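Engineer: quick one, structure for this:
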Amino acid sequence: MNSIKTVFVIAALTLSSLAMAEGGGDRTFARMEAARKDSMESYQVAQKQSPQTPVVDSKDKAVEHDKC
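Structural biologist: Numbers count the residues shown, from 1 in each chain. I've put the predicted structure just below:
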């Protein structure tokens, strides 16, 4: 009887570890990395194409606000 229980316990542990071995997490992580890489490339291209506003303009607005 004890040997049968031992076999059942070993079988249960083996099956549970095999069932949880491939949960799709690796594929999901790979898709997230690919999406992050694409978005970063798009962001960098957009940053190169858009003109940068100078910081000095924002200080001028603050001075004008103080005058009112």
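Engineer: C-alpha from now on. contacts and neighbour counts both.
Structural biologist: Noted.
Engineer: which SSE is immediately downstream of the helix or strand containing residue 13?
Structural biologist: Residue 13 belongs to helix 2-21 when elements are defined using DSSP states H and E. Per DSSP H and E, the first helix or strand lying C-terminal to helix 2-21 is helix 25-49.
Engineer: if we can go back for a sec, helices or strands up against the helix holding residue 13?
Structural biologist: Contacting helix 2-21 under the criterion 3 or more C-alpha pairs under 8 Å, 6 or more residues apart in numbering; DSSP states H and E is no other helix or strand.
Engineer: shaky segments in the protein?
Structural biologist: Low-confidence segments of the chain, defined by pLDDT under 70: 17-23, 52-68.
Engineer: contacts for the helix holding residue 13 next, please.
Structural biologist: Contacting residues not belonging to helix 2-21 are not present [C-alpha atoms under 8 Å, 6 or more residues apart in numbering].
Engineer: state the distance from residue 50 to residue 44.
Structural biologist: Taking C-alpha to C-alpha, to the nearest Å as the measure, residue 50 falls 10 Å from residue 44.
Engineer: er, residue 35 I mean
Structural biologist: 14 Å.
Engineer: again, but for residue 12
Structural biologist: The gap separating residue 12 from residue 44 is 51 Å, by C-alpha to C-alpha.
Engineer: what is the neighbour count of residue 43?
Structural biologist: The local packing of residue 43 (other C-alpha atoms under 10 Å) involves 12 other residues.
Engineer: please apply the same query to residue 33.
Structural biologist: 12.
Engineer: give the contact list for it.
Structural biologist: Residue 33 sits next to no residue when contact means C-alpha under 8 Å, 6+ apart.
Engineer: who has more neighbours out of residue 50 and residue 44?
Structural biologist: Taking other C-alpha under 10 Å, residue 50 and residue 44 do not tie; residue 44 has more neighbours (11 against 8).
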